[in-house]
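Novice: just the structure for this:
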Amino acid sequence: MLRALAARWFQYSRETGDGDSELRDRLLSKLAREVPSFNLPDGTWRGVAIRQYQPTGVVWSDAQKKNPGYKRPGSTLVQDHYRAVPPDESILWMWELQDDPLGPSELTLLRELLKRILYFGRAESFCRFDAVEGQYPPANCRLASEAGVGNPVLVPLPNSALNLDALLASTDGDPVPQTDGDHVNQADGYRVRDLLKQRRIPPGTAWYYATIPAKKPVRPIPPARRRYPPDVRVLQFAVGGRVYPPEAHWVKLTERFREEVIRQRCFQVSDRRTTRYGELADEERDALSLIRGLDGAGNRVDGQTTAFFALIPDAEGLPTRLSCWRTSPFTDDEIDAFLAATELPLAWERGSMDWQIRLVALPFSVPPPADYWSPAQVWQSVTPFILPAGRQRFRRNGRRRPGETPEACLRKLLVRFGLPEPLVEGVEGSSTWTTIHETPLERQRRSEERGTRMRPGYRFRLQFGQPVPGPLCVGHSCHFGLGLFRRAT
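Specialist: Presented below is the predicted three-dimensional model:
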């Protein structure tokens, strides 16, 4: 600090024309009379060492004599250590100076010199200095003469005359006339030839040791919690991409988005330990029961309370919206998982990058499509209805059971869900083969029989005796968007 003040005095003298060196010497001598103490902010820590190139001499580029080379400055990497300080905190240098305080003129000069110090320290950090009077925090870092108790700091010997020649030896002062054998080289100003020769430290200085205050434990600041509207039961996402999947493969998109949501929920409930559902404890699996459909013990939960994932087509039949709904509200953590699942593209088929889509969350204020949520008396199929798995459609003699036709199964499912029995009318020529979401048993059976994951799908028109609320989604893979109905126009 004293070196920096002495160097800035020459700048101050050039700018103002004030060349009062006696006032400068009195100021520096008073500050050097006692060892300062410091106040370091609580948030400071030791940074990673920076290696700086330092010259060592002129050497040949190639040390072997037989090889061509040239002379160049040699260098070595020297470590620079520093303390990182928050930008809104300050470091305080403190001098008591009770016996001989600074006078008004000395304090004014000190302020002018501090104002001109813009870079400070080995790291050449940008700094702003000012003289502070009155109330200030107590010192938490003091210098001691005992070796081995802290970090070494070179200071002038306290309670002794300041060696100004040693202090001014390396500043950018103006040339002065040569007075004796010590002051030479007028072009460089104050430079002492023999004063520092064969000395490890300048004369009139000594090593003192600073003990850095113990760093308080740093705890990460939890991220600001985003507040979502209460009672969110429907989440909607816009679907975009170059190539949309055909209707027969819409299930691939909804099941892959659901898988990514489950991965994000596993990451949440396991405290960032794993994204695999199989590595969760039973208590952690219970938190995913209303999305995955299984509780911690592996038992199925009520299908009507589990989250539904469905693609909703636009007027041109393209799946431009994905809706997720549930009878119970989504929690904030579940909404976070849904939003995190939209950060990566989803591929609905193997192939080029064009066969991927992106999801963008729609605002919570956007209402769900009225054709799917509003009460209606007549409904029509949007996606094919698939017969539930495990139905005994044929007798042992090979004849079809009359109560297991697609129309009869759809009627039974609707009544089972608490709706009035409707009149079911099939749409002629609408039977299509559709990809389903396979359960583990279905996947194993298909692997053994070398079958396909496609099933015949049917479309119907439902007419109830009274308006019933939507959405209506029944049948196999209904939680992935199959068997979806809309009100008839």
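Novice: please report the distance of the closest residue to Leu40 other than its chain neighbours from Thr44.
Specialist: Closest residue in space to Leu40, ignoring its immediate chain neighbours: Cys141 at 5.4 Å, by Cβ to Cβ, 6 or more residues apart in numbering. For glycine as for every other residue, the C-beta is placed from the backbone atoms N, C-alpha and C. Applying Cβ to Cβ, to the nearest Å, one obtains 10 Å for the distance of Cys141 from Thr44.
Novice: so between these two, which is more surrounded?
Specialist: Looking at Cys141 and Thr44 with other Cβ atoms under 10 Å, you find the greater number of neighbours at Cys141, namely 20 against 17.
Novice: check the more buried one and give its pLDDT.
Specialist: Cys141 is assigned 86 on the pLDDT scale.
Novice: now swap in Tyr458 and tell me
Specialist: According to the model's per-residue confidence, Tyr458 sits at a pLDDT of 92.
Novice: check contacts around it.
Specialist: Contacts here follow Cβ atoms under 8 Å, 6 or more residues apart in numbering; on that basis Tyr458 touches Ser381, Pro384, Phe385, Pro406, Gly426, Val427, Ser430, Ser431.
Novice: in helices, which of the residues you listed fall?
Specialist: Secondary-structure check on the contacts of Tyr458 using DSSP state H: residues within helices are Pro406.
Novice: which of the contacts of Tyr458 sits closest to Pro152?
Specialist: Pro384 (80.8 Å; Cβ to Cβ).
Novice: I figured the closest one was touching Gly457, is that so?
Specialist: Yes: taking Cβ atoms under 8 Å as the contact criterion, Pro384 and Gly457 are neighbours in contact, 2.4 Å apart.
Novice: overlap of the contact sets of the two?
Specialist: Thr432, Thr434, Leu482.
Novice: mark which of the residues you listed are buried, thanks.
Specialist: When neighbours are counted using 16 or more other Cβ atoms under 10 Å, the shared contacts of Pro384 and Gly457 contain these buried positions: Thr434, Leu482.
Novice: and which of the shared contacts of Pro384 and Gly457 is nearest to Pro375?
Specialist: Ranking the shared contacts of Pro384 and Gly457 by separation from Pro375, with Cβ to Cβ as the measure, puts Leu482 on top at 22.6 Å.
Novice: so how far is Pro406 from the closest one?
Specialist: Leu482 is 13 Å from Pro406, by Cβ to Cβ.
Novice: try Val269
Specialist: From Val269 over to Pro406 the distance is 39 Å, taken as Cβ to Cβ.
Novice: again, but for Val149
Specialist: In this structure, Val149 and Pro406 are separated by 88 Å, where distance is defined by Cβ to Cβ.
Novice: could you do Gly57 as well?
Specialist: With Cβ to Cβ as the criterion, Gly57 and Pro406 are 93 Å apart.
Novice: show me which of the two is the more surrounded one.
Specialist: The residue with more neighbours, out of Gly57 and Pro406 and counting by other Cβ under 10 Å, is Pro406; that gives 21 against 7.
Novice: tally of neighbours for the nearest residue to Ile335 once chain neighbours are set aside?
Specialist: Residue nearest to Ile335 in three dimensions, not counting chain neighbours: Tyr228, with 5.3 Å by Cβ to Cβ, 6+ apart. Tyr228 has 16 neighbouring residues, counting by other Cβ under 10 Å.
Novice: could I get the phi/psi values of Tyr228?
Specialist: phi -100, psi 160 (degrees, to the nearest 10).
Novice: go on, Thr76?
Specialist: Per degrees, to the nearest 10, the backbone of Thr76 is at phi -140, psi 160.
Novice: can you give me the distance of it to Ala488?
Specialist: According to Cβ to Cβ, Thr76 and Ala488 sit 85 Å apart.
Novice: who has more neighbours out of those two?
Specialist: Remark: of Thr76 and Ala488, Ala488 carries more neighbours, 14 against 10, as counted by other Cβ under 10 Å.
Novice: can you pick the most crowded of the contacts of Tyr458?
Specialist: When neighbours are taken as other Cβ under 10 Å, the top entry among the contacts of Tyr458 is Phe385 (29 neighbours).
Novice: hmm, that one is touching Ser477, no?
Specialist: No: counting by Cβ under 8 Å, Phe385 stays clear of Ser477, with 10.1 Å between them.
Novice: next, show the common contact partners of those two.
Specialist: In terms of Cβ under 8 Å, 6+ apart, Phe385 and Ser477 are both contacted by the residues Gly483.
Novice: pull out the buried positions in the helix or strand hosting Glu448.
Specialist: Taking DSSP states H and E as the definition, Glu448 sits inside helix 440-449. Within helix 440-449, the residues that count as buried by 16+ other Cβ under 10 Å are Glu442.
Novice: what's the offset of that helix from the middle of its chain?
Specialist: For helix 440-449, the distance between its averaged C-alpha position and the chain's averaged C-alpha position is 42 Å (Cα atoms, centre = their mean, to the nearest Å).
Novice: what do you get for stretch 38-52?
Specialist: Average the C-alpha atoms of stretch 38-52, do the same for its chain, and the two points are 24 Å apart (Cα atoms, centre = their mean).
Novice: and Arg24, how many neighbours?
Specialist: Burial measure for Arg24: 22 neighbouring residues, criterion other Cβ under 10 Å.
Novice: how far away is it from Gly103?
Specialist: Here Arg24 is placed at a distance of 13 Å from Gly103 (Cβ to Cβ).
Novice: same question for Val234.
Specialist: The span separating Val234 from Gly103 equals 76 Å under the rule Cβ to Cβ.
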